[in-house]
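K.L.:
Here is the input, now give the coordinates:
(2 chains)
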Amino acid sequence: EDKVVQSPLSLVVHEGDTVTLNCSYEVTNFRSLLWYKQEKKAPTFLFMLTSSGIEKKSGRLSSILDKKELSSILNITATQTGDSAIYLCAVEGEWAGGTSYGKLTFGQGTILTVHP
Amino acid sequence: DAGVIQSPRHEVTEMGQEVTLRCKPISGHDYLFWYRQTMMRGLELLIYFNNNVPIDDSGMPEDRFSAKMPNASFSTLKIQPSEPRDSAVYFCASSFRGLNQPQHFGDGTRLSIL
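P.N.:
Numbers count the residues shown, from 1 in each chain, chains lettered A, B, ... in the order given. Predicted coordinates:
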């Protein structure tokens, strides 16, 4: 069974700090790894990392995929209070039914709290 | 562009009642997913559709749960009869499978079964 583990489960920092969130996975036939940010409502998409794109960056956020170590990190520099959220890591693996779309398995999330 | 639209946003009902959750995917998306999120189990996939056809429902917890997608712009998740342990946030997501497009989520339905 596919498995995704995130650490830490929660993190409290002050504005301006840099944080690193971790995600490790076990999956059959890895296809992609995704990061989502969830505030009070819907998870919103941040990054997708595949074998052909192992590093992504958007503003203060960046993510790296390490296929050898079966893990990924999400870095947030110069944190702001608006970064407070649950960060979800999900891995797409092969569906048991052999369809063209891989099943997403989510980790339990990291709760990030940024204090002013 | 309108995102994934779910209704109702909140639902409170008594045990034993039928509950119907609704979802309108993003126009042009050919995949639709139903998820359930709880503190204990996190975000779990219940069922997904491709071109309105259910592909895998192995995540549906039991026969009390059913889902339909009568057309490309509408899907329902029904629980009958509902039980307190069904209380959770239910999310619908949609995606277009071309070029590694990610899933986009609706705002969810917060369901409370008393």
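K.L.:
from here on, contacts and neighbour counts on C-alpha atoms
P.N.:
Fine.
K.L.:
hmm, the lowest-mean-pLDDT helix or strand in chain A touching chain B?
P.N.:
Least confident helix or strand of chain A, by mean pLDDT, DSSP states H and E, is strand A:103-106 with a mean of 86. Yes - in terms of Cα under 8 Å from any Cα of the partner chain, part of strand A:103-106 sits within range of chain B, namely A:104-106.
K.L.:
top of these by neighbour count?
P.N.:
residue A:106 (26 neighbours; other Cα atoms under 10 Å in any protein chain shown).
K.L.:
Specify the beta-bridge partners of that residue.
P.N.:
For residue A:106, the beta-bridge partners under DSSP bridges are residue A:90.
K.L.:
Contacts only, for it.
P.N.:
By Cα atoms under 8 Å, 6 or more residues apart in numbering or on different chains, residue A:106 lies in contact with A:3-4, A:88-91, B:42-44.
K.L.:
Any idea how many residues pack against the nearest residue to residue A:82 once chain neighbours are set aside?
P.N.:
Of all residues not flanking residue A:82 in the chain, residue A:114 sits nearest, at 7.7 Å (Cα to Cα, 6 or more residues apart in numbering or on different chains). Other residues near residue A:114 come to 18 when the count uses other Cα under 10 Å.
K.L.:
Verify the contact between residue A:114 and residue A:10 for me.
P.N.:
No - with contact defined as Cα atoms under 8 Å, residue A:114 does not reach residue A:10; the gap is 11.1 Å.
K.L.:
Quick check: closest non-adjacent residue to residue 9.
P.N.:
Chain wasn't specified; assuming chain A. residue A:110 (4.5 Å).
K.L.:
wait, chain B
P.N.:
Residue B:9 sits nearest to residue B:109 (Cα to Cα, 6+ apart), 4.5 Å away.
K.L.:
Quick one: name the residues of chain A near chain B.
P.N.:
Checking chain A against chain B by Cα under 8 Å from any Cα, the hits are A:34, A:41-45, A:48, A:97, A:101, A:104-109.
K.L.:
can you do 6 Å?
P.N.:
Residues of chain A that fall close to chain B, judged by Cα under 6 Å from any Cα of the partner chain: A:41-42, A:108.
K.L.:
Residue B:11: which of these is nearest?
P.N.:
Distances from residue B:11 to the residues of chain A next to chain B, taken as Cα to Cα, are shortest for residue A:41 (15.2 Å).
K.L.:
residues near that closest one, how many?
P.N.:
Counted with other Cα under 10 Å, residue A:41 comes out at 15.
K.L.:
Please give me every residue in contact with it.
P.N.:
Residues near residue A:41 by Cα atoms under 6 Å, 6 or more residues apart in numbering or on different chains: residue B:107.
K.L.:
and the gap between it and residue B:69?
P.N.:
From residue A:41 across to residue B:69, the span is 23 Å (Cα to Cα, to the nearest Å).
K.L.:
Any of the contacts of residue A:106 buried? List them.
P.N.:
Burial by neighbour count, 16 or more other Cα atoms under 10 Å in any protein chain shown: within these this picks out A:4, A:88-91, B:43-44.
K.L.:
Throw these into TSV and include distance to residue B:8 and pLDDT, thanks.
P.N.:
Listed next are these as TSV, based on distance: Cα to Cα, whole Å; pLDDT from 0 to 100:
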residue	distance to residue B:8	pLDDT
A:4	30	95
A:88	24	97
A:89	27	97
A:90	26	94
A:91	29	92
B:43	19	92
B:44	20	92
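K.L.:
related to what we said a few turns ago, who touches the residue nearest to residue A:82 in this structure?
P.N.:
Residue A:114 touches A:12-15, A:81, A:84, counting by Cα under 6 Å, 6+ apart.
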